[in-house]
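Asker: Provided below are the primary sequence and the corresponding predicted coordinates.
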Amino acid sequence: MTEIEVDSLKSDAEKEWGEIRLVFHDVKTLFGDDFQVLGPEFLSPITTPFGDALLYRTYGIAGIWTTFYMGLILHTRVHPSMPPYPLVAAGISFRQTSTYGRKIGRIVAGVAPDLSRAAEVSPGVAAALIETSVALFVAGIMVCASM
């Protein structure tokens, strides 16, 4: 493959990457009022290492937002100019993705504010924690790779 062909393929990949980024923006604009964070009248501020916890109408909506932000993290990591090594890409993209990682942490903190003294966890909370765990893992890898 010639250098011109490689440059052309990279240019095409960067264009497609940019188009996918626009889709994320488009999807976010389609989320209506039901998808927005609930105000302080629904939850006393809960301080976390990521910032104040975020609370949504349903656990499902919280799961959608964690998946959305995880998608933005992964999308940034797979930019055509990133190195092919996942942990290296995670470290390099930390500045661009740390806001998304903190949002994921804030959302998960709103799903289960304090379970330290709970004897049981409801099935709904357990399902929400399982649903959000992959996004939390992706955000955690980003932090670890930046150290």
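Answerer: Alright, I've got the coordinates.

Asker: can you list the weak-confidence ranges in this structure?
Answerer: Along the chain, segments meeting pLDDT under 70 span 147.

Asker: Which segments of the protein make up each domain?
Answerer: By the record's domain assignment, the chain is partitioned as 1-30, 32-146 (automatic domain parsing).

Asker: what's the spacing between the longest one and its chain's center?
Answerer: The one in question is domain 32-146. 5 Å (CA atoms, centre = their mean, to the nearest Å).

Asker: Next up, phi/psi of the closest residue to Val88 other than its chain neighbours, please.
Answerer: Once flanking residues are discounted, Val88 sits nearest to Ala145: 7.5 Å by CB to CB, 6 or more residues apart in numbering. Yep, even glycine has a C-beta here, placed from its N, CA and C like the rest. Note on Ala145: backbone dihedrals following degrees, to the nearest 10 are phi -70, psi -20.

Asker: Can you point out the buried residues in the longest helix along the chain?
Answerer: Ranked by residue count and defined by DSSP state H, the top helix of the chain is helix 3-30. By neighbour count on 16 or more other CB atoms under 10 Å, the buried set for helix 3-30 is Trp17.

Asker: now it, how far from the centre of its chain.
Answerer: 19 Å.

Asker: ranking the domains of the chain by burial, who's on top?
Answerer: domain 32-146 (a mean of 16; mean count of other CB atoms under 10 Å).

Asker: show me where this structure has strands.
Answerer: 47-48, 51-52 (DSSP state E).

Asker: tell me the contacts of the residue nearest to Val143 when sequence neighbours are not counted?
Answerer: Excluding the flanking residues, the one nearest Val143 by CB to CB, 6+ apart is Gly101, at 6.4 Å. Listed by CB atoms under 8 Å, 6 or more residues apart in numbering, the contact partners of Gly101 are 50, 69, 73, 139-140, 142-143.

Asker: and what of Ile107?
Answerer: Contacts of Ile107 (CB under 8 Å, 6+ apart): 53-54, 56, 62, 65-66, 69, 132.

Asker: CSV for these, including distance to Glu16?
Answerer: Listed next are the contacts of Ile107 as CSV, based on distance: CB to CB, whole Å:
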residue, distance to Glu16
Ala53, 36
Leu54, 31
Tyr56, 31
Ala62, 30
Trp65, 25
Thr66, 25
Tyr69, 21
Thr132, 29
